[in-house]
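Engineer: Predicted coordinates and the sequence they were generated for:
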Amino acid sequence: MTDTLRLTEALIARPSVTPDDAGCQALIGERLARLGFGCESLESGPVEFRVSNLWARRGVGERPTLVFAGHTDVVPTGPLQAWQSDPFVPTHRDGRLYGRGASDMKTSLAAMVVACERFLAAVAEPAIDIAFLLTSDEEGPATDGTVVVCRELQRRGQRLDWCIVGEPTSVRRTGDMIKNGRRGTMSGKLTVKGIQGHIAYPHLAKNPIHLAAPALAELAGTIWDKGNEFFPPTSWQVSNIHGGTGASNVIPGTVVIDFNFRFCTESTPQGLQQQVNDILARHGLQPGNDYDLDWTIGGLPFLTPPGTLVEAVREAIRLETGMQTELSTTGGTSDGRFIAQVCPQVIELGPPNASIHKIDEHVALEDIDPLTAIYARVLHLLHQQVLATAIR
């Protein structure tokens with residue numbers, strides 16, 4: 001059993017369902033403290049939903065800094081009887097490690113820690129600082145986790161240069177895909193107002209579903225942008241429609257429509273909001289009188305073009321696995337959206353993600369140690385690059 005596998009299993013054995021860290025950060029902090037990291041616990045949130053955050057840094061804060069970021073929380077297990085083995089008892093079957101968080105993302109956390117141990121054993125005086133930013137509120141509301149730590153780092157004026165988020169990004173083998181950006185997310189709750197009445201007397205009522213339908217059709221068919229070389233076009237999707245009293249003979253008084261934008265760097269929240277308002281107006285709907293619309297911006301898009309970090313990660317993957325990795329911005333959001341506000345270069349790299357959030361979540365044993373080797377190689381490459389730059 002390798003060091004990374006052993007630590008991964010120890011983390012899986014802690015039932016850290018959001019927001020409960022269940023001791024994961026303390027375990028990681030103990031390992032980091034032995035390496036000379038200064039570890040700081042930053043708790044946040046109400047008593048009933050207390051979030052644990054760990055900020056750990058090794059170095060004086062004046063050198064280029066690589067941050068390893070991730071989350072110790074996991075999603076709920078779902079029905080226990082559906083699992084082949086206890087989700088919080090790490091179990092080996094058919095060359096795989098099973099347990100909640102095996103892929104998302106306790107393998108990555110373990111690999112990051114062990115990679116630092118190996119790098120610092122080989123390099124007594126690194127030319128870079130190393131930091132860890134961990135939270136127990138990534139799978140939940142994400143309001144008291146990474147975003148809180150990033151605000152505190154901004155307040156302190158702490159320098160961050162590169163960040164690797166341990167999200168499970170790979171498809172078939174560790175390292176075959178990394179994320180160098182993510183789309184933004186923005187949700188809207190549209191309440192269209194009508195007049196409730198008897199369905200047999202429509203002239204005495206006003207059906208809000210009928211009022212909303214033409215605008216919804218145009219919204220569904222709108223091309224918001226064409227994307228770019230890194231991002232697919234912005235998409236708009238309805239997630240829920242609520243209207244009616246449950247009776248078949250009553251015209252409802254309101255209809256509530258929940259929708260979401262996943263938007264790229266070609267669009268802005270303000271621009272998309274204005275387009276929606278314009279479409280509603282074209283169909284005779286005026287704000288306040290005919291509808292209310294509440295917006296929630298869940299995160300802005302971020303992009304790290306090929307440069308120092310991307311090239312170091314690409315080269316590390318090539319040297320350790322022989323693969324040419326694929327850059328991608330697909331998928332949902334991650335805490336990278338917060339870190340990108342304080343760090344100019346952010347990428348995501350982790351094991352294959354096919355089983356994340358599923359019953360019998362797992363990671364192939366053969367995908368664990370290569371991740372450690374890639375992280376360690378990135379540390380060496382960045383260290384060497386900083387040294388070479390200083391000499392020049």
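Structural biologist: Cool, got the structure. Residues are numbered from 1 along each chain as shown.
Engineer: measure residue 342 to residue 168 for me?
Structural biologist: 23 Å (C-beta to C-beta, to the nearest Å). Where you see a C-beta, it was placed from the backbone N, CA and C, and this is true even at glycine.
Engineer: higher neighbour count, the two?
Structural biologist: Shown here are residue 342 and residue 168; by other C-beta atoms under 10 Å, residue 168 has more neighbours (26 against 19).
Engineer: what's the pLDDT at that one?
Structural biologist: Per-residue confidence (pLDDT) for residue 168: 98.
Engineer: which residues are in contact with stretch 52-61?
Structural biologist: Applying C-beta atoms under 8 Å, 6 or more residues apart in numbering, the external contacts of stretch 52-61 come out as 19, 21, 25, 28-29, 32, 35-44, 65, 72, 116, 120, 126, 128-137, 144-146, 148-149, 152-153, 158-159.
Engineer: mind listing what's buried in that stretch?
Structural biologist: By neighbour count on 16 or more other C-beta atoms under 10 Å, the buried set for stretch 52-61 is 52-59.
Engineer: Give me the neighbour count for residue 140.
Structural biologist: 19.
Engineer: actually residue 296, sorry about that
Structural biologist: If you count neighbours by other C-beta under 10 Å, residue 296 ends up with 10.
Engineer: Just give the nearest non-adjacent residue to it, would you?
Structural biologist: residue 187 (4.7 Å; C-beta to C-beta, 6 or more residues apart in numbering).
Engineer: Which element, helix or strand, includes the one you found?
Structural biologist: Taking DSSP states H and E as the definition, residue 187 sits inside strand 184-193.
Engineer: and the helix or strand just after that strand, what's its mean pLDDT?
Structural biologist: Once strand 184-193 ends, the next helix or strand along the chain (criterion: DSSP H and E) is strand 197-198. In this model, strand 197-198 has an average pLDDT of 98.
Engineer: Walking through this structure, point out its helices one by one.
Structural biologist: Applying DSSP state H to the chain gives helices spanning 3-12, 24-34, 107-122, 146-156, 208-221, 269-282, 308-321, 336-339, 368-391.
Engineer: right, and residue 194 touches residue 251 too?
Structural biologist: Yes: using C-beta atoms under 8 Å as the test, residue 194 is close enough to residue 251 to be in contact (7.1 Å).
Engineer: any shared contact partners between those two?
Structural biologist: Joint contacts of residue 194 and residue 251 (C-beta under 8 Å, 6+ apart) are 205-207.
Engineer: residues contacting the closest residue to residue 208 other than its chain neighbours?
Structural biologist: Sequence neighbours aside, residue 194 is the residue nearest to residue 208 in space, at 3.3 Å (criterion: C-beta to C-beta, 6+ apart). Each residue near residue 194 by C-beta under 8 Å, 6+ apart is listed here: 205-209, 211, 251-255.
Engineer: pLDDT weak spots in this structure?
Structural biologist: 392 (pLDDT under 70).
Engineer: Mind jotting down where the strands sit in the stretch 51-200 of the chain?
Structural biologist: 53-58, 65-71, 91-93, 96-98, 129-135, 162-165, 177-179, 181-182, 184-193, 197-198 (DSSP state E, counting those that start in this stretch).
Engineer: quick revisit: what about the helices of the chain, which gets the closest to residue 298?
Structural biologist: helix 336-339 (8.1 Å; C-beta to C-beta).
Engineer: returning to what we had before: so which of the helices of the chain gets nearest residue 246?
Structural biologist: So among the helices of the chain, helix 208-221 is nearest, using C-beta to C-beta, at 14.3 Å.
Engineer: Of the shared contacts of residue 194 and residue 251, just say which sits nearest to residue 362.
Structural biologist: Nearest to residue 362 among those, counting by C-beta to C-beta, is residue 207 at 50.0 Å.
Engineer: Could you give the number of residues near the closest residue in space to the closest one that isn't next to it in sequence?
Structural biologist: Spatially, and ignoring its direct neighbours in sequence, residue 207 is nearest to residue 251 (5.0 Å; C-beta to C-beta, 6+ apart). By other C-beta under 10 Å, the residues close to residue 251 number 23.
Engineer: Give the bridge partners for residue 251, please.
Structural biologist: residue 197 (DSSP bridges).
Engineer: Give me the distance between it and residue 286.
Structural biologist: Here residue 251 is placed at a distance of 21 Å from residue 286 (C-beta to C-beta).
Engineer: what's around residue 310, how many residues?
Structural biologist: Residue 310: 18 neighbours (other C-beta under 10 Å).
Engineer: which ones are touching it?
Structural biologist: Contacts of residue 310 by C-beta under 8 Å, 6+ apart are 178, 180, 304, 327, 345, 347.
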